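Undergrad: starting from these lines, generate the structure:
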Amino acid sequence: MALTKRQKQVLDFIGDFIDRQGYSPSYEEIAEGLELASLATVHKHISTLEGKQYLRRGFNQSRSVELTPRYFEELRKDRAAESPVASVPLAVRIAAGSPVESVEGKDTLAFADFVGQEGTYALQVRGDSMIEDHICDGDYVLVERTSSARDGDIVVALVGGNETTLKRFYRDTADTVRLQPANSTMSPIIVPASELIIQGRLMAVLRKYA
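TA: Numbers count the residues shown, from 1 in each chain. Next up, the predicted model:
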């Protein structure tokens with residue numbers, strides 16, 4: 001179904017907000033961000049987008065708007081149409097120990113292997129809580145959007161409804177979760193499982209040197 005210009009603006013605002021903040025915007029934030037006249041106008045657009053299957057929302061919950069798989073599929077198609085998939089030659093696999101012979105290969109590394117999956121998004125790391133896992137301040141991480149995790153996974157977690165963090169996930173008890181930093185100078189974050197929402201799982205780390 002076709003979207004009006006304003007409906008697409010609302011949808012893109014919600015997607016951008018979730019990518020930046022790690023949680024969905026309130027109706028007030030949507031109205032302010034798009035300079036809409038009233039919350040009733042926001043409600044009308046949200047209802048229409050829900051009817052077109054781009055959004056889901058929970059009732060009687062704050063920040064309950066979710067993007068559906070249809071949104072991510074159409075976003076992926078739009079981006080693919082705008083530009084060809086980037087790839088670089090994969091010249092050789094290099095050992096981290098002894099030198100190896102440099103041989104020109106014919107393989108390529110396509111970044112669609114990382115970013116072509118539905119729901120993948122990027123975050124920039126702030127701080128050094130994961131440096132012992134070689135995730136440094138200023139790095140970019142590619143994250144698979146998911147609400148589940150296994151012990152030892154590096155996850156994006158929303159704690160207490162307002163703080164997003166990147167840590168290793170461990171379920172210590174049925175009711176308690178430990179978010180473990182990869183920095184021996186820092187203590188783990190112990191929280192009730194009911195106060196934590198998994199928002200994604202780490203796929204890759206990107207670092208730009210130049």
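
Undergrad: C-alpha from now on. contacts and neighbour counts both.
TA: Will do.

Undergrad: show me the longest helix that occurs in this protein.
TA: Longest among the helix segments of the chain by residue count, using DSSP state H, is helix 5-21.

Undergrad: pull out the buried positions in it.
TA: If you call a residue buried by 16 or more other Cα atoms under 10 Å, then helix 5-21 has these buried ones: 7, 10-11, 13-15, 17-18.

Undergrad: just put those in a markdown table and tack on distance to residue 201 and pLDDT.
TA: As requested, these are exported to a markdown table (distance: Cα to Cα, whole Å; pLDDT from 0 to 100):
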| residue | distance to residue 201 | pLDDT |
| --- | --- | --- |
| 7 | 29 | 89 |
| 10 | 26 | 90 |
| 11 | 23 | 89 |
| 13 | 23 | 90 |
| 14 | 20 | 89 |
| 15 | 18 | 86 |
| 17 | 19 | 87 |
| 18 | 15 | 84 |
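
Undergrad: quick check, nearest of the residues you listed to residue 180?
TA: The closest of these to residue 180 turns out to be residue 18 (Cα to Cα; 23.6 Å).

Undergrad: hmm, residue 24 and that closest one touching each other?
TA: Yes: counting by Cα atoms under 8 Å, residue 24 is a contact partner of residue 18 at 5.2 Å.

Undergrad: rewinding a little: and whatever helix or strand comes next after the longest helix of the chain, how far out from the chain middle?
TA: The helix or strand immediately downstream of helix 5-21 is helix 27-34, counting by DSSP states H and E. Chain-centre distance of helix 27-34: 21 Å, with Cα atoms, centre = their mean, to the nearest Å.
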